[in-house]
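Asker: sequence first, then the predicted structure, then my questions.
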Amino acid sequence: MIPRVCVLRPERLTEYPWRDELPAALADRHEVWLEERGLVDDVSTIPGYKLGGSMRWGVTDMPGTMECDECRAPLELFLQFDTYEYELGQGDGEPGRFQPLEERGLEPRSEEASAAREPVGMTVGRGGHAGLYVCSADPRHPAKHFTR
C-alpha cells in the first residue's frame, strides 16, 4: 500500500465515539435516538484519513480487548487509513455524508469524483479502513493495527 502524492488539507471536526465504545446504557439511548429520527448508525465517526478520534466498527464489531499488551492501559486511535474520504449519497440526489461542499457538484461516477473521493489511491482491505492504535499511557509501547 503506497499512497499517491496528494495535498493535505487538515480540518478540525467534532467526532463522537462509535456506539460500541459507549457505556451500555448510553449506547441504548443512542440507538433509540437514531430510530426516532430515522437515522442510520453513521452519525458519529468520520471517514477518511485522520489523526485521533474513533473508528467505525460496523462490519466486524469492535475487538474485545482494546488495551496495551505491555501495561493494560486503554489504546487510542492514532491514525486511521481509509479507502474513501466519504461515502456516496444514496442515489436520491443527496450528497454523501461528510462530502466536502466544493465536491458536491461533481458527477458521482466520474473520474474527477473518484479522484476526489479516493485522493490517496490506496484500497484498504476490500474497500474498508484500518486504524493504528497506540498506548494511552506510554507511546513507546508497541502499537496495534486493526482493519475493518
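Answerer: Done, it's in.
Asker: got the contact list for Glu76?
Answerer: Residues in contact with Glu76, defined by CB atoms under 8 Å, 6 or more residues apart in numbering, are Gly52, Tyr133, Val134, Cys135, Ser136. Any C-beta I mention is one placed from the backbone N, CA and C, and that applies to glycine too.
Asker: mind checking what secondary structure it has?
Answerer: Each residue gets one of three states, and Glu76 gets strand by DSSP: H, G, I helix; E, B strand; the rest coil.
Asker: show the pLDDT at it.
Answerer: According to the predicted model, the pLDDT of Glu76 comes to 93.
Asker: that older thread, got a ChimeraX select line for the buried ones in the contacts of Glu76?
Answerer: Selecting only the buried members of these in ChimeraX, with burial defined as 16 or more other CB atoms under 10 Å, works like this:
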select :133,134,135
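Asker: and which of the contacts of Glu76 is nearest to Glu111?
Answerer: Taking CB to CB as the measure, Glu111 sits nearest to Gly52 out of the contacts of Glu76, at 31.8 Å.
Asker: just the contacts of Glu76: which are in strands?
Answerer: Among the contacts of Glu76, the members falling in strands are Tyr133, Val134, Cys135 (criterion: DSSP state E).
Asker: show me where pLDDT drops low in the chain?
Answerer: Counting by pLDDT under 70, the chain shows low-confidence ranges at 40-43, 58-61, 63-64, 89-94, 148.
Asker: could I get the full set of strands for it?
Answerer: Secondary structure of the chain (DSSP E): strands located at 50-51, 75-82, 129-135, 144-147.
Asker: dump the C-alpha coordinates for the third one into CSV.
Answerer: Only the C-alpha atoms of strand 129-135 are listed here, as CSV (Å, rounded to 0.1, in the frame of the first residue of the first chain):
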residue,chain,number,x,y,z
HIS,A,129,-10.5,1.2,6.7
ALA,A,130,-7.8,0.5,9.2
GLY,A,131,-6.5,2.1,12.4
LEU,A,132,-3.2,2.3,14.1
TYR,A,133,-3.7,2.3,17.9
VAL,A,134,-1.1,3.4,20.5
CYS,A,135,-0.9,3.1,24.2
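Asker: mind listing the strands it pairs with, and their directions?
Answerer: Taking DSSP bridges as the criterion, strand 129-135 sits next to strand 75-82 (antiparallel), strand 144-147 (antiparallel) in its sheet.
Asker: from the chain's centroid, how far away is the longest one?
Answerer: Between the mean C-alpha point of strand 75-82 and the mean C-alpha point of its chain there is a distance of 9 Å (CA atoms, centre = their mean, to the nearest Å).
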